[in-house]
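Novice: Sequence first, then the predicted structure, then my questions.
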Amino acid sequence: MSLMDDDLRDLYQEVILDHGKRPRNFRHPEDANHQARGHNPLCGDQLVVYLKTDDAGTVVDAAFQGRGCAISTASASLMTEVVMGKSEAQARALFEAVHRMATGEDEVPTPPEGLEDDFDRLMVLSGVREYPARVKCATLAWHTMTAALNDEEEATTE
Amino acid sequence: MSYDVATIRAEFPILARQVRGRPLVYLDSAASAQKPACVIEAEAAVYRDEYANIHRGAYMFSERTTARYEAARETVRRFLNAADKREVVFTRNATEAINLVAATWGRANLGEGDEILVTELEHHANIVPWQMLAQETGAVLRPVPVGDDGRFLMDAFEDALGPRTRLVAVAHMSNVLGTVLPVAEIAKRARDAGAAVLIDGAQAVCHAAVDVQAIGCDFYVFSGHKLYGPTGIGALYGRRELLEAMPPYQGGGDMIRQVSFAGTTWAPPPAKFEAGTPAIAQAIALGAAIDYVEGLGLAAIAAHEHDLLTHATQRLSAIPGLRIHGTAPGKGAVISFTLDDAHPHDIATVLDRHGVAVRAGHHCAQPLMDRLGVPATARASFGLYNTREEVEALAGALEKVEEMFRR
């Protein structure tokens, strides 16, 4: 493979392409008790994130629906897998860490304490750091999940 | 003389640059065109050789700069075949020119229930100023539908045209679909119905010669930067009687005849609409850009671009799952497309890695995206310097995209 293809593969790793083509938890759970709409006005991408939390504040179900690019779809798909079973606080901590990783705010991406393995799975999203126009694609689902936890109706990347 | 694209390319310094180790394949001229050395030099020369503010400077540099600024106005007049150079107002761009008409002619002439007709394929710049005006005056903005292939539907237009139509504002060429509208026929019908006509020429001026008198429009607007000229400069053509009657746009220096605290009177057009120090060097360089494209010949440019468009349409149509949006007969050199399995932003990112610059998104035409039923498209647009080899580079990179995202 040429160098150019390698560069592209940093962004479009197999995991991204796989989750982009076959997103997990791509459904609307009827018993979700939190949901929010996410919108990226730059590209018109829209998604809805659904969460179900129990009395202890644990995320017992996470899902999404919508249309977007490979990166935003893969990010949403991975997110639903990773936050399932986490406490609200852990889900928020993952959002903060993913945001810092994607924007390049952390030169060396730092996982939230106790969530090293989960964060490791999300490191496939770090390729967007080299593509400023695509950072918002990777963070849209996470902004939307946070809005859902805050019981806000809508999140935008603007 | 035949059209020598290699010689032409050598006049554009940026085309010699590499992107990520590959030659730049610039297919985004519909967003903004690259600049030939003569335009870059014309702008630099203003500052380097004899720069001063224009008008009222009783010294050599000011007089000379004023003369060159006004000569650029004459160049624009000739370019549009306006009857009189006082019908040419310099603006920042086409968007500002439309806003100028909305804020002055529009406020003075539109009232409750009056109708403004646009088409579904307009750029936001030819929608939003009218929406704002409608909100303020109680006028109604009516979109005329376009065909599935992006063509202008004269029947639908005639149906929409009525006794309350005060203004028809349409693109000369669609920035998304490439559709070229029959603006002379549109203008004739609009004027027969007693409506004024504004043509948004932002996309059209770089592809074919424009004659505002033959079109018979009241207003025509364009931007310099899409015409191989500088950013920050554009022009409004307005029929003289209308410009005379219109109130000013912004207040300030240069647009007045007499100022006192008891009251102020306006300068005649075009000065009435050019408050403050304008983009002097950019206007002069716009004149150089017009001289440049006229030197090549707009008919020769159009023929070259048509060849690229035909070739690209064939090559892209052969890519599995690729759909071209906008196939109206006689369209200009713009191809919007979607791929079944790849999002336009993923397409643009992968193409960028191959050195191919295209645009992805809604192209400032969200109502048109809704009409087409897509959230976004990718768009390749061709200019006078593009080549068949670049079309090949685009097609080759798109084949890789299709392979990569195929489900």
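Specialist: Cool, got the structure. The model shown is predicted, which means the values in this text are computed figures rather than measured ones.

Novice: By mean pLDDT, which helix or strand of the chain comes out lowest?
Specialist: Because you didn't say which chain, this covers chain A. helix A:3-11 (a mean of 71; mean pLDDT, DSSP states H and E).

Novice: my bad, the chain I had in mind was chain B
Specialist: strand B:18-19 (a mean of 88).

Novice: I'd guessed residue B:371 sits against residue B:148; true?
Specialist: No. With contact defined as Cβ atoms under 8 Å, residue B:371 does not reach residue B:148; the gap is 9.0 Å. The C-beta positions use only the backbone N, C-alpha and C, and glycine is treated the same way.

Novice: Please say which of those two ends up with more neighbours.
Specialist: residue B:371 (18 against 11; other Cβ atoms under 10 Å in any protein chain shown).

Novice: Residue B:101 is in what secondary structure piece?
Specialist: Secondary structure assignment for residue B:101, by DSSP states H and E: helix B:94-101.

Novice: after that helix, next one along is what?
Specialist: helix B:107-109.

Novice: average pLDDT for the helix or strand following that following helix?
Specialist: Moving toward the C-terminus from helix B:107-109, the next helix or strand (DSSP H and E) is strand B:115-119. Mean pLDDT, strand B:115-119: 98.

Novice: which other residues reach the very next helix or strand once past strand B:115-119?
Specialist: Next helix or strand after strand B:115-119 toward the C-terminus (DSSP H and E): helix B:128-137. The contact list for helix B:128-137 (Cβ atoms under 8 Å, 6 or more residues apart in numbering or on different chains) reads B:95, B:98-99, B:101-103, B:106-107, B:110-112, B:114, B:116, B:118, B:139-141, B:167, B:169.

Novice: Please list only the buried members of those residues.
Specialist: B:95, B:98-99, B:101-103, B:106, B:110, B:114, B:116, B:118, B:139-141, B:167, B:169 (16 or more other Cβ atoms under 10 Å in any protein chain shown).

Novice: Just name the closest of these to chain A, please.
Specialist: residue B:95 (18.5 Å; Cβ to the nearest Cβ).

Novice: Surely that closest one is in contact with residue B:101?
Specialist: No. Using Cβ under 8 Å, residue B:95 makes no contact with residue B:101, being 11.2 Å away.

Novice: which stretches of chain A have low pLDDT?
Specialist: Residue ranges of chain A with pLDDT under 70: A:1-6, A:158.

Novice: Chain B contacts on that one?
Specialist: Neighbours of chain B within chain A, by Cβ under 8 Å from any Cβ of the partner chain: A:3-4, A:7-8, A:11-12, A:17, A:20-22, A:42-46, A:67-71, A:131, A:133-134, A:137.

Novice: Inside strands: which ones of those?
Specialist: A:45, A:46, A:67 (DSSP state E).

Novice: Who are the contact partners of residue A:76?
Specialist: Taking Cβ under 8 Å, 6+ apart, one finds A:23, A:47, A:49, A:64, A:66, A:68, A:140, A:141, A:144 in contact with residue A:76.

Novice: run the last query once more with 10 Å
Specialist: A:19-20, A:23-26, A:38, A:47-49, A:62-66, A:68, A:138, A:140-142, A:144-145 (Cβ atoms under 10 Å, 6 or more residues apart in numbering or on different chains).

Novice: Can you tell me the element the residue in the stretch 151-300 of chain B that chain A sits nearest to falls in?
Specialist: With Cβ to the nearest Cβ as the measure, residue B:176 is the residue of the stretch 151-300 of chain B nearest to chain A, at 13.3 Å. Counting by DSSP H and E, no helix or strand carries residue B:176.

Novice: Surely it and residue B:372 touch.
Specialist: Yes. Between residue B:176 and residue B:372 a contact is recorded at 8.3 Å, counting by Cβ atoms under 10 Å.

Novice: and stretch B:325-335, what's its mean pLDDT?
Specialist: Mean predicted confidence for stretch B:325-335 is 97.

Novice: Tell me where chain A has strands.
Specialist: Going by DSSP E, chain A shows strands at A:34-40, A:45-53, A:59-67, A:154-156.

Novice: Next, the angle from the third one to strand A:34-40.
Specialist: If I follow you right, that is strand A:59-67. For strand A:59-67 against strand A:34-40, the angle by axes from the mean of the first three to the mean of the last three Cα atoms, to 10 degrees is 30 degrees.

Novice: what helices or strands is strand A:59-67 leaning on?
Specialist: strand A:34-40, strand A:45-53, helix A:70-83, helix A:88-103, helix A:135-149 (3 or more Cβ pairs under 10 Å, 6 or more residues apart in numbering or on different chains; DSSP states H and E).

Novice: CA atoms only for that strand, dumped as PDB, please.
Specialist: Extracted in PDB, the C-alpha atoms of strand A:59-67 (Å, rounded to 0.1, in the frame of the first residue of the first chain):
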ATOM      1  CA  VAL A  59     -27.000   3.200  31.500                       C
ATOM      2  CA  VAL A  60     -28.800   0.000  30.800                       C
ATOM      3  CA  ASP A  61     -29.500   0.600  27.200                       C
ATOM      4  CA  ALA A  62     -28.000   2.900  24.500                       C
ATOM      5  CA  ALA A  63     -29.000   3.200  20.900                       C
ATOM      6  CA  PHE A  64     -29.200   5.700  18.000                       C
ATOM      7  CA  GLN A  65     -30.700   6.400  14.700                       C
ATOM      8  CA  GLY A  66     -30.000   8.800  11.900                       C
ATOM      9  CA  ARG A  67     -27.900   9.500   8.900                       C
END
